[in-house]
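S.K.: Show me how the following folds:
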Amino acid sequence: MPQPTAQVEPKKKRKRGWLIGAAVLVVLLAGAVAGQLLRPVPDPTMRLTVASTHTFAGSKPALPFPVQGQSAIWVDGLGTMGSSGPTTPTPTASVAKTMTAYVYLRSHPLQNGQPGPTLTVSPEGVAQIPARQRRGESLLGITANQRLTERKALEALMIISANDLAHELAKWDAGTEQAFVAKMNATAKSLGMSNTVYTDPSGYDARTVSTAADQVKLLRAAMKIPAFAETVNKPAYIPDGPGETRHGGNILLGQLGVVGGKTGYTDKAGGNYIFAARKAVGGVNTLIVGAVMGQHSPSAVGAIDVAKRLVAGAETALQPVTIAKPGQKVGEVDDGLGKTTAVTVKSPVTVIGWPGLTVPVKVIGDAPHQAAQGERVGTVSTGAGKVPLVLETALEKPALTARLIRLQ
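M.R.: Below is the predicted model of the structure:
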């Protein structure tokens, strides 16, 4: 009779092979699952669901630029509205003191409401007063052993345009005027003021030259320093101790939203004026910065008159357009695995601009992987305006199923 073991053996081998194959498959599947779960999930991204640009209809506004000298006007978040005249450097006169204040405040920050350190004027500075008076320079009139706080020194510099304080601040900061002037020029270079050269801290020297466009760059930077913005928004210098209140030369303060600036005049420079104004346009707080240089006038008032017309023209040209209402969906968060979550705004999304201008609308910020309903997850920027983005519903981490079947 045939032996049965000869037939059973192949069956056992086939069974073992199947079991081994199944075990290998289980291991491979487990590895694949583990691999999918261990892979980092993609970073979520945000995108707009409204138009990414808005173009204002019409032609670019014709602003009342001066027929002489040069000028430029700029709007925060939007860029240059226009300019006029040559771009050759011209003497700045006392407008140079803006850089003196900016450089000094960057090295010696001044907290809100604080007077800052008290400084003693130099014998050299006092000795120079008679010669400065003979030249007709604008002065505080420092005296021997006089002590001034940093705040009062800066106010004298920027409000009554005190040349004596410009030179004292330079020495207080850098030890010598030459060293301070080097800092002024290095700072100008860092701000992209390629047509500017400083030779002194007061601007009395006609070799201190700049352009309207460069001075706009400087004032934009300076207005970001709260102590500077506060100082140039004061119409008068009030001494801490004895002495009379002295009114400043920026007679446009408080008109047309003007919140700061600096005047300058010499026979060689003519009338110069840089200015900053704030205006709410469609609920968007807008900063306008401008400069008028080289006006043929007997004082800085000629430049101020030009600036007044420019500010009025710029403010009239600005227009608001609302592209999304409160509660409206304006974008979405994509978790990278197929799920999106809507983002909305609690306040209107308003674009401001002028005819002929195209303004980009974009999302700022990195979306989180997880966040609660109503939580802020970024900002929609409309150039001059910024509106917070909030989640319409809760943002959840990617589901297990989505992580398992992902291909990316």
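
S.K.: C-alpha only now, for contacts and for neighbours.
M.R.: Fine.

S.K.: Can you list the low-confidence ranges for the chain?
M.R.: 1-42, 398-408 (pLDDT under 70).

S.K.: Tell me where it has helices.
M.R.: 5-38, 97-107, 123-127, 129-135, 150-159, 163-174, 177-190, 212-222, 226-232, 301-317, 400-405 (DSSP state H).

S.K.: From the contact counts, what lies against the fourth one?
M.R.: Packing contacts for helix 129-135, counted by 3 or more CA pairs under 8 Å, 6 or more residues apart in numbering; DSSP states H and E, involve no helix or strand.

S.K.: quick one on the thing from earlier: which among the helices of the chain is found nearest to Ile238?
M.R.: Closest of the helices of the chain to Ile238 is helix 150-159, at 8.4 Å (criterion: CA to CA).

S.K.: Might you report the residue contacts of Ser228?
M.R.: Quick fix: residue 228 is Phe, not Ser. Ala101, Tyr102, Leu105, Ala222 (CA atoms under 8 Å, 6 or more residues apart in numbering).

S.K.: hang on, the earlier thing: mind checking which of the helices of the chain is nearest Ala367?
M.R.: So among these, helix 400-405 is nearest, using CA to CA, at 18.7 Å.

S.K.: quick one on the thing from earlier: buried subset of the contacts of Phe228?
M.R.: Ala101, Tyr102, Leu105, Ala222 (16 or more other CA atoms under 10 Å).

S.K.: got those as CSV, with distance to Ala276 columns?
M.R.: Below are the buried ones among the contacts of Phe228 laid out as CSV (distance: CA to CA, whole Å):
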residue, distance to Ala276
Ala101, 16
Tyr102, 15
Leu105, 19
Ala222, 10
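
S.K.: Of the helices of the chain, which stretch is the most buried?
M.R.: helix 150-159 (a mean of 25; mean count of other CA atoms under 10 Å).

S.K.: quick one: which of the buried ones among the contacts of Phe228 is nearest Thr245?
M.R.: Closest to Thr245, out of all of those and judged by CA to CA, is Ala101, at 21.1 Å.

S.K.: mind checking how far the closest one is from Pro86?
M.R.: 27 Å (CA to CA, to the nearest Å).

S.K.: Can you tell me what sits against stretch 237-253?
M.R.: Identification of contacts with stretch 237-253 by CA under 8 Å, 6+ apart yields 152, 155-156, 159-161, 233, 235-236, 258-263, 304, 308.

S.K.: And Ala62, how close does it get to Thr211?
M.R.: 21 Å.

S.K.: Have a look at these two and say which one is more surrounded.
M.R.: Neighbour tally, Ala62 and Thr211, criterion other CA atoms under 10 Å: the higher count belongs to Thr211, 28 against 11.

S.K.: ok, and the closest non-adjacent residue to the more buried one?
M.R.: In space, not counting the residues next to it along the chain, Thr211 is nearest to Pro89; the distance is 5.0 Å by CA to CA, 6 or more residues apart in numbering.

S.K.: Ramachandran coordinates for that neighbour?
M.R.: phi -60, psi 140 (degrees, to the nearest 10).

S.K.: Do I have it right that it meets Ala206?
M.R.: No. Counting by CA atoms under 8 Å, Ala206 is not a contact partner of Pro89; they are 10.9 Å apart.

S.K.: nearest spatial neighbour of Gly91, skipping sequence neighbours?
M.R.: Not quite, residue 91 is Pro, not Gly. Val209 (4.2 Å).

S.K.: Identify the residues contacting the one you found.
M.R.: Pro89, Thr90, Pro91, Thr92, Asn195, Thr196, Val197, Tyr198.

S.K.: which of these lies closest to Pro117?
M.R.: Distances from Pro117 to the contacts of Val209, taken by CA to CA, are shortest for Tyr198, at 26.6 Å.

S.K.: Spit out the contact partners of the closest one.
M.R.: Here Tyr198 is in contact with Ala96, Val181, Met184, Asn185, Arg207, Thr208, Val209 (criterion: CA under 8 Å, 6+ apart).

S.K.: ok, 10 Å please
M.R.: Taking CA atoms under 10 Å, 6 or more residues apart in numbering as the criterion, Tyr198 is in contact with 91-92, 96, 99-100, 180-186, 188, 205-210.

S.K.: Look at the closest residue to Gly283 other than its chain neighbours and say how many residues are nearby.
M.R.: In space, and not counting its chain neighbours, Gly283 is closest to Thr350: 7.9 Å by CA to CA, 6+ apart. When neighbours are counted by other CA under 10 Å, Thr350 registers 23.

S.K.: what separates Thr350 from Ala300, distance-wise?
M.R.: Note on Thr350: its distance to Ala300, by CA to CA, is 37 Å.

S.K.: now swap in Gly365 and tell me
M.R.: Taking CA to CA, one finds Gly365 at 44 Å from Ala300.

S.K.: who has more neighbours, these two?
M.R.: Ala300 (27 against 12).
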